[in-house]
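In: next input, structure requested:
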Amino acid sequence: MLLKENARLAKRVEQLDANAKKDSSNSSKPPSSNNPYQNKDSKQGTAEDKGKCKKPGGKLGHTGHRQALLKPTHTEPCKPEKCGCGCTDFQGTTPFYTHQVLELPEIKLNVTHFILHQGECLNCGKINKGRSPKASPPVRPILIREGALSPLSSP
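Out: Predicted structure coming up:
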C-alpha cells in the first residue's frame with residue numbers, strides 16, 4: 001500500500017514539475033500568465049547552449065534587395081567639381097550611382113465661392129434665399145492663418 005502511494009505521489013510530482021516549466025513560449029498560456037520575476041534569459045538559454053551566436057544584419061551570401069527606382073519627373077546630373085589635387089577638368093565621366101529623392105508636391109486648394117443671394121418675393125413679400133448646389137460639399141467654414149488651415153470652432 002505504501003508503494004502504491006509512493007508511486008502515485010512520484011507521478012504527481014513529475015506532472016507538477018512539467019506544468020511549472022510551461023510558459024507562453026512553450027504552451028497555449030497567455031503572456032500575462034508568465035512569472036514576472038523569472039529572468040527571461042535563463043529560460044531561453046545562452047548562446048553556447050544553442051550552438052552558435054547569430055549576428056544581426058544580412059548573412060554572408062544572401063543577395064540583398066533594393067527598392068526599385070521610380071520614374072523620375074526631373075533628372076539632375078551631378079558631375080565631379082574638383083579633384084583633391086585642385087584640377088577641375090575630367091574626361092569620360094560615367095554614372096555610378098543614382099540617388100533618388102522623393103518629395104511630396106505642394107498642396108494646392110481649389111477654392112469655389114458659392115455666393116448665395118436673397119430677395120423679396122414680388123407676390124407675397126417673403127424673403128427667399130438661394131441655396132448652394134447639391135453637388136457642392138456641406139458648408140464647413142475654415143480659418144486660414146499663417147499658411148495653416150484649421151476648422152473654425154463653433155460658438
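In: burial of residue 70, as a residue count?
Out: For residue 70, the count of nearby residues is 8 (other CB atoms under 10 Å). Using the backbone N, CA and C atoms, a C-beta is placed for each residue, glycine as well.
In: ignore what I typed, I meant residue 14.
Out: 10.
In: run through who's touching the strand or helix carrying it.
Out: Counting by DSSP states H and E, the element that carries residue 14 is helix 2-20. With CB atoms under 8 Å, 6 or more residues apart in numbering as the test, helix 2-20 has no contacts from any other residue.
In: apply 10 Å and report the result again.
Out: 27, 35 (CB atoms under 10 Å, 6 or more residues apart in numbering).
In: the helices in the chain, which residues?
Out: Using DSSP state H, the helices of the chain run over residues 2-20, 40-44, 47-50.
In: flag every buried residue along stretch 20-29.
Out: By 16 or more other CB atoms under 10 Å, stretch 20-29 has no buried positions at all.
In: okay, now residue 8: neighbour count?
Out: Counted with other CB under 10 Å, residue 8 comes out at 10.
In: for residue 111, see how far away it is.
Out: 86 Å (CB to CB, to the nearest Å).
In: just residue 34 next, same as before
Out: Counting by CB to CB, the gap from residue 34 to residue 111 is 58 Å.
In: more neighbours: these two, which one.
Out: Neighbour count, other CB under 10 Å: between residue 34 and residue 111, residue 34 has more, with 15 against 6.
In: which residue packs closest to that one, ignoring adjacent ones?
Out: residue 23 (4.9 Å; CB to CB, 6 or more residues apart in numbering).
In: was I right to think the one you found contacts residue 36?
Out: No: if you go by CB atoms under 10 Å, residue 23 and residue 36 don't touch, sitting 11.2 Å apart.
In: low-confidence ranges in this structure?
Out: Residue ranges of the chain with pLDDT under 70: 40-52, 135-155.
In: mind doing that once more with 80?
Out: Within the chain, the stretches with pLDDT under 80 are 19-24, 35, 38-53, 66, 134-155.
In: show me the strands in it, by range?
Out: 118-120, 127-129, 142-145, 148-151 (DSSP state E).
In: show residues contacting the first one.
Out: Read it as strand 118-120. Contacts for strand 118-120 (CB under 10 Å, 6+ apart): 126, 127, 128, 129, 130.
In: list the neighbouring strands of that strand plus their orientation.
Out: strand 127-129 (antiparallel) (DSSP bridges).
In: now the strand it pairs with: how far from the chain's centre is it?
Out: 52 Å (CA atoms, centre = their mean, to the nearest Å).
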